[in-house]
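[1] sequence and predicted model, in that order:
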Amino acid sequence: MSGVQSPSVLSKHSGEMPIPLTVKQIDKALLSNDDKMNLLIDGVHVNKVRLVGMILNKAESSSFSFWLDDGTGGRVECIRWVHHPVDTKEMESIVEGMYVRVHGLLKGFRVKKQLLVIDIKPVTDFDEITHHFVECIYVHSSNTKLMVIFHNFAKQQASSSNQTHMPSSAANTQTYQTIPSNQFTGQHVADGPNGILQMVLDYLKLPSSLVMEGGVHYKELATKLGIPLDSIMDTLASLVDEGLVYHTTDDWHFKFTTYA
(Lines give C-alpha, C1' and ligand atoms only; values in the text may rest on other atoms or scores of the structure.)
Protein backbone atom coordinates (compact mmCIF):
# COMPACT_ATOMS: atom_id res chain seq x y z
CA MET A 1 0.00 0.00 0.00
CA SER A 2 1.47 3.32 -1.03
CA GLY A 3 3.02 5.42 1.74
CA VAL A 4 2.10 3.06 4.59
CA GLN A 5 4.86 2.03 6.98
CA SER A 6 4.83 -0.56 9.75
CA PRO A 7 4.86 0.88 13.27
CA SER A 8 7.32 0.16 16.02
CA VAL A 9 5.44 -0.55 19.28
CA LEU A 10 8.20 0.75 21.49
CA SER A 11 9.88 3.24 19.11
CA LYS A 12 12.98 5.22 20.05
CA HIS A 13 13.28 8.96 19.66
CA SER A 14 15.90 8.63 16.97
CA GLY A 15 15.95 6.28 14.00
CA GLU A 16 12.51 4.76 14.53
CA MET A 17 9.19 5.13 12.77
CA PRO A 18 6.64 7.62 14.14
CA ILE A 19 4.00 6.10 16.40
CA PRO A 20 0.54 5.98 14.77
CA LEU A 21 -2.02 7.79 16.93
CA THR A 22 -5.56 9.12 16.86
CA VAL A 23 -6.67 12.58 17.98
CA LYS A 24 -8.67 11.01 20.80
CA GLN A 25 -5.51 9.39 22.18
CA ILE A 26 -3.75 12.76 22.07
CA ASP A 27 -6.65 14.43 23.89
CA LYS A 28 -6.31 11.88 26.70
CA ALA A 29 -2.50 12.04 26.83
CA LEU A 30 -0.80 12.95 30.09
CA LEU A 31 2.02 15.46 30.36
CA SER A 32 5.20 13.68 31.43
CA ASN A 33 7.44 14.95 34.21
CA ASP A 34 10.68 15.10 32.19
CA ASP A 35 10.56 18.90 31.65
CA LYS A 36 10.60 18.43 27.87
CA MET A 37 6.88 18.96 27.23
CA ASN A 38 6.62 15.32 26.16
CA LEU A 39 3.36 13.42 26.47
CA LEU A 40 2.64 10.01 27.92
CA ILE A 41 0.24 7.68 26.07
CA ASP A 42 -0.32 4.05 27.13
CA GLY A 43 2.73 4.23 29.41
CA VAL A 44 5.01 5.36 26.57
CA HIS A 45 6.72 8.70 26.12
CA VAL A 46 5.41 9.92 22.76
CA ASN A 47 7.38 12.31 20.59
CA LYS A 48 7.48 11.37 16.91
CA VAL A 49 3.96 10.54 15.74
CA ARG A 50 1.88 9.91 12.63
CA LEU A 51 -1.75 10.95 12.16
CA VAL A 52 -4.23 10.77 9.31
CA GLY A 53 -7.15 13.18 9.13
CA MET A 54 -8.90 16.11 7.48
CA ILE A 55 -7.45 19.63 7.23
CA LEU A 56 -9.56 22.37 8.85
CA ASN A 57 -9.08 26.11 9.45
CA LYS A 58 -5.82 26.49 7.56
CA ALA A 59 -4.09 29.82 8.13
CA GLU A 60 -0.80 31.42 7.09
CA SER A 61 1.40 34.01 8.78
CA SER A 62 5.07 33.40 9.64
CA SER A 63 4.13 29.73 9.54
CA PHE A 64 1.25 27.57 8.35
CA SER A 65 -1.24 26.42 10.96
CA PHE A 66 -4.27 24.19 10.71
CA TRP A 67 -6.39 21.79 12.74
CA LEU A 68 -6.51 18.05 12.06
CA ASP A 69 -9.74 16.09 12.58
CA ASP A 70 -9.70 12.30 12.21
CA GLY A 71 -13.27 11.67 13.35
CA THR A 72 -12.31 10.10 16.70
CA GLY A 73 -13.34 13.14 18.74
CA GLY A 74 -11.74 16.55 19.04
CA ARG A 75 -9.08 18.18 16.91
CA VAL A 76 -5.35 18.75 17.27
CA GLU A 77 -3.58 22.00 16.36
CA CYS A 78 -0.76 21.60 13.84
CA ILE A 79 2.04 24.04 13.02
CA ARG A 80 4.31 23.85 9.97
CA TRP A 81 7.25 26.23 10.09
CA VAL A 82 8.52 27.37 6.70
CA HIS A 83 12.30 27.24 6.29
CA HIS A 84 12.67 26.69 2.54
CA PRO A 85 10.66 27.50 -0.60
CA VAL A 86 9.85 23.81 -0.97
CA ASP A 87 8.06 23.95 2.41
CA THR A 88 5.89 26.81 1.20
CA LYS A 89 5.13 25.02 -2.05
CA GLU A 90 4.21 21.86 -0.18
CA MET A 91 1.81 23.69 2.15
CA GLU A 92 0.22 25.68 -0.66
CA SER A 93 -0.90 22.39 -2.20
CA ILE A 94 -2.67 21.44 1.04
CA VAL A 95 -6.23 22.76 1.19
CA GLU A 96 -9.06 22.62 3.71
CA GLY A 97 -11.19 19.48 3.49
CA MET A 98 -8.26 17.42 2.22
CA TYR A 99 -7.27 14.18 3.95
CA VAL A 100 -3.56 14.09 4.76
CA ARG A 101 -0.94 11.94 6.44
CA VAL A 102 1.10 13.98 8.92
CA HIS A 103 4.39 13.17 10.62
CA GLY A 104 5.48 15.45 13.42
CA LEU A 105 6.68 16.07 16.97
CA LEU A 106 3.94 16.07 19.59
CA LYS A 107 4.36 18.53 22.46
CA GLY A 108 2.23 19.46 25.43
CA PHE A 109 2.05 22.42 27.79
CA ARG A 110 -0.51 22.31 30.59
CA VAL A 111 -3.77 21.42 28.85
CA LYS A 112 -2.60 22.40 25.36
CA LYS A 113 -1.26 19.84 22.88
CA GLN A 114 0.34 20.81 19.60
CA LEU A 115 1.86 18.96 16.66
CA LEU A 116 4.98 20.45 15.06
CA VAL A 117 4.72 19.13 11.50
CA ILE A 118 7.81 17.58 9.90
CA ASP A 119 6.15 16.13 6.82
CA ILE A 120 2.66 16.27 5.33
CA LYS A 121 1.30 14.44 2.29
CA PRO A 122 -2.20 14.17 0.77
CA VAL A 123 -3.90 10.80 1.13
CA THR A 124 -4.31 9.40 -2.38
CA ASP A 125 -5.41 5.89 -1.43
CA PHE A 126 -8.28 5.99 1.06
CA ASP A 127 -7.52 2.44 2.18
CA GLU A 128 -4.63 4.15 3.97
CA ILE A 129 -7.11 5.70 6.42
CA THR A 130 -8.43 2.28 7.42
CA HIS A 131 -4.91 0.89 7.58
CA HIS A 132 -3.82 3.75 9.86
CA PHE A 133 -6.63 3.10 12.34
CA VAL A 134 -5.81 -0.62 12.39
CA GLU A 135 -2.20 0.29 13.22
CA CYS A 136 -3.39 2.61 16.00
CA ILE A 137 -5.48 -0.18 17.52
CA TYR A 138 -2.59 -2.64 17.30
CA VAL A 139 -0.02 -0.29 18.88
CA HIS A 140 -2.45 0.75 21.64
CA SER A 141 -3.19 -2.90 22.42
CA SER A 142 0.49 -3.88 22.43
CA ASN A 143 1.62 -1.00 24.64
CA THR A 144 -1.16 -1.44 27.20
CA LYS A 145 -0.49 -5.19 27.23
CA LEU A 146 3.18 -4.51 27.98
CA MET A 147 2.20 -2.19 30.84
CA VAL A 148 0.21 -5.03 32.41
CA ILE A 149 3.19 -7.38 32.06
CA PHE A 150 5.48 -4.90 33.81
CA HIS A 151 2.95 -4.29 36.57
CA ASN A 152 2.25 -7.98 37.24
CA PHE A 153 5.91 -8.94 37.09
CA ALA A 154 6.83 -6.15 39.52
CA LYS A 155 4.13 -7.29 41.96
CA GLN A 156 5.39 -10.88 41.81
CA GLN A 157 8.99 -9.81 42.41
CA ALA A 158 8.03 -7.44 45.22
CA SER A 159 5.95 -10.14 46.91
CA SER A 160 8.77 -12.67 46.60
CA SER A 161 11.29 -10.19 47.96
CA ASN A 162 9.12 -9.33 50.95
CA GLN A 163 8.52 -12.98 51.82
CA THR A 164 12.22 -13.82 51.58
CA HIS A 165 13.85 -10.84 53.28
CA MET A 166 11.28 -9.22 55.56
CA PRO A 167 9.54 -10.43 58.75
CA SER A 168 5.78 -10.63 58.33
CA SER A 169 5.24 -8.33 61.30
CA ALA A 170 7.31 -5.54 59.77
CA ALA A 171 6.77 -6.10 56.06
CA ASN A 172 6.53 -3.00 53.95
CA THR A 173 5.06 -3.35 50.49
CA GLN A 174 7.80 -2.92 47.91
CA THR A 175 6.71 -1.64 44.53
CA TYR A 176 8.37 -0.78 41.26
CA GLN A 177 7.30 1.90 38.85
CA THR A 178 7.30 1.65 35.10
CA ILE A 179 8.90 4.95 34.15
CA PRO A 180 9.45 5.40 30.42
CA SER A 181 12.33 7.61 29.39
CA ASN A 182 12.46 9.41 26.13
CA GLN A 183 13.26 7.09 24.02
CA PHE A 184 9.22 4.06 22.11
CA THR A 185 10.20 7.33 22.86
CA GLY A 186 8.99 4.67 25.04
CA GLN A 187 11.99 2.77 26.39
CA HIS A 188 11.43 1.73 29.99
CA VAL A 189 14.08 2.48 32.57
CA ALA A 190 16.28 -0.55 33.28
CA ASP A 191 15.79 -0.56 37.07
CA GLY A 192 14.12 -3.35 39.04
CA PRO A 193 12.14 -6.20 37.46
CA ASN A 194 10.57 -3.87 34.89
CA GLY A 195 14.05 -2.97 33.69
CA ILE A 196 15.01 -6.64 33.35
CA LEU A 197 11.98 -7.22 31.13
CA GLN A 198 12.92 -4.30 28.93
CA MET A 199 16.59 -5.30 28.80
CA VAL A 200 15.68 -8.80 27.64
CA LEU A 201 13.26 -7.46 25.05
CA ASP A 202 15.82 -4.96 23.76
CA TYR A 203 18.47 -7.68 23.41
CA LEU A 204 16.12 -10.02 21.56
CA LYS A 205 15.16 -7.18 19.20
CA LEU A 206 18.77 -6.49 18.20
CA PRO A 207 19.39 -7.21 14.49
CA SER A 208 22.07 -9.73 15.49
CA SER A 209 19.50 -11.59 17.62
CA LEU A 210 16.69 -11.42 15.06
CA VAL A 211 18.82 -13.01 12.32
CA MET A 212 19.69 -16.01 14.52
CA GLU A 213 17.40 -18.69 13.14
CA GLY A 214 17.71 -20.83 16.25
CA GLY A 215 17.15 -17.94 18.60
CA VAL A 216 19.20 -16.72 21.59
CA HIS A 217 20.16 -19.12 24.41
CA TYR A 218 19.04 -17.99 27.84
CA LYS A 219 22.60 -18.28 29.18
CA GLU A 220 23.77 -15.80 26.55
CA LEU A 221 21.15 -13.34 27.78
CA ALA A 222 22.30 -13.83 31.37
CA THR A 223 25.97 -13.35 30.44
CA LYS A 224 25.51 -10.36 28.13
CA LEU A 225 23.07 -8.54 30.42
CA GLY A 226 24.73 -9.48 33.70
CA ILE A 227 21.51 -10.88 35.16
CA PRO A 228 21.18 -14.07 37.26
CA LEU A 229 19.94 -17.14 35.39
CA ASP A 230 16.83 -17.55 37.55
CA SER A 231 15.78 -13.93 36.90
CA ILE A 232 16.35 -14.41 33.17
CA MET A 233 14.18 -17.54 33.11
CA ASP A 234 11.40 -15.87 35.14
CA THR A 235 11.46 -12.93 32.75
CA LEU A 236 11.42 -15.12 29.64
CA ALA A 237 8.54 -17.18 31.05
CA SER A 238 6.48 -14.01 31.52
CA LEU A 239 7.26 -12.79 28.00
CA VAL A 240 6.42 -16.18 26.48
CA ASP A 241 3.09 -16.25 28.36
CA GLU A 242 2.22 -12.86 26.88
CA GLY A 243 3.21 -13.84 23.32
CA LEU A 244 6.07 -11.33 23.03
CA VAL A 245 8.74 -14.06 22.94
CA TYR A 246 8.63 -17.69 21.78
CA HIS A 247 10.70 -20.87 22.03
CA THR A 248 12.59 -22.00 18.92
CA THR A 249 14.54 -25.27 18.72
CA ASP A 250 14.13 -26.17 22.40
CA ASP A 251 13.09 -24.76 25.77
CA TRP A 252 16.34 -22.81 26.14
CA HIS A 253 16.41 -20.74 22.94
CA PHE A 254 14.16 -17.71 22.45
CA LYS A 255 13.25 -15.18 19.79
CA PHE A 256 11.29 -11.95 19.83
CA THR A 257 7.88 -12.15 18.16
CA THR A 258 8.36 -9.80 15.23
CA TYR A 259 5.21 -7.97 14.14
CA ALA A 260 4.10 -7.50 10.57
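    Here it is on my side, so go on.
[2] use CA for all of it now, contacts and neighbours both
    Fine.
[3] show me where this structure has strands.
    Ranges of strands in the chain, per DSSP state E, are 19-20, 30-31, 39-41, 44-46, 48-60, 63-69, 76-81, 99-109, 112-122, 180-181, 187-188, 216-217, 245-247, 253-256.
[4] what's the pLDDT at residue 233?
    Model confidence at residue 233, given as pLDDT, is 89.
[5] residue contacts, it?
    Counting by Cα atoms under 8 Å, 6 or more residues apart in numbering, residue 233 touches residue 218.
[6] measure it to residue 122 for me?
    48 Å (Cα to Cα, to the nearest Å).
[7] if we can go back for a sec, would JSON lines of the strands of the chain with distance to residue 209 and mean pLDDT be doable?
    What follows is those, written out as JSON lines (distance: least, Cα to Cα, whole Å; pLDDT from 0 to 100):
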{"stretch": "strand 19-20", "distance to residue 209": "24", "mean pLDDT": "90"}
{"stretch": "strand 30-31", "distance to residue 209": "34", "mean pLDDT": "78"}
{"stretch": "strand 39-41", "distance to residue 209": "29", "mean pLDDT": "82"}
{"stretch": "strand 44-46", "distance to residue 209": "24", "mean pLDDT": "79"}
{"stretch": "strand 48-60", "distance to residue 209": "26", "mean pLDDT": "94"}
{"stretch": "strand 63-69", "distance to residue 209": "40", "mean pLDDT": "94"}
{"stretch": "strand 76-81", "distance to residue 209": "39", "mean pLDDT": "93"}
{"stretch": "strand 99-109", "distance to residue 209": "30", "mean pLDDT": "90"}
{"stretch": "strand 112-122", "distance to residue 209": "32", "mean pLDDT": "91"}
{"stretch": "strand 180-181", "distance to residue 209": "24", "mean pLDDT": "36"}
{"stretch": "strand 187-188", "distance to residue 209": "18", "mean pLDDT": "36"}
{"stretch": "strand 216-217", "distance to residue 209": "6", "mean pLDDT": "92"}
{"stretch": "strand 245-247", "distance to residue 209": "12", "mean pLDDT": "87"}
{"stretch": "strand 253-256", "distance to residue 209": "8", "mean pLDDT": "90"}
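[8] with mean neighbour count and distance to residue 204 added, can I get these in JSON lines?
    Output for the strands of the chain, formatted as JSON lines (neighbours: other Cα atoms under 10 Å; distance: least, Cα to Cα, whole Å):
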{"stretch": "strand 19-20", "mean neighbour count": "26", "distance to residue 204": "21"}
{"stretch": "strand 30-31", "mean neighbour count": "20", "distance to residue 204": "30"}
{"stretch": "strand 39-41", "mean neighbour count": "23", "distance to residue 204": "24"}
{"stretch": "strand 44-46", "mean neighbour count": "29", "distance to residue 204": "20"}
{"stretch": "strand 48-60", "mean neighbour count": "20", "distance to residue 204": "24"}
{"stretch": "strand 63-69", "mean neighbour count": "20", "distance to residue 204": "37"}
{"stretch": "strand 76-81", "mean neighbour count": "19", "distance to residue 204": "36"}
{"stretch": "strand 99-109", "mean neighbour count": "20", "distance to residue 204": "28"}
{"stretch": "strand 112-122", "mean neighbour count": "18", "distance to residue 204": "31"}
{"stretch": "strand 180-181", "mean neighbour count": "20", "distance to residue 204": "19"}
{"stretch": "strand 187-188", "mean neighbour count": "24", "distance to residue 204": "14"}
{"stretch": "strand 216-217", "mean neighbour count": "19", "distance to residue 204": "7"}
{"stretch": "strand 245-247", "mean neighbour count": "19", "distance to residue 204": "9"}
{"stretch": "strand 253-256", "mean neighbour count": "22", "distance to residue 204": "5"}
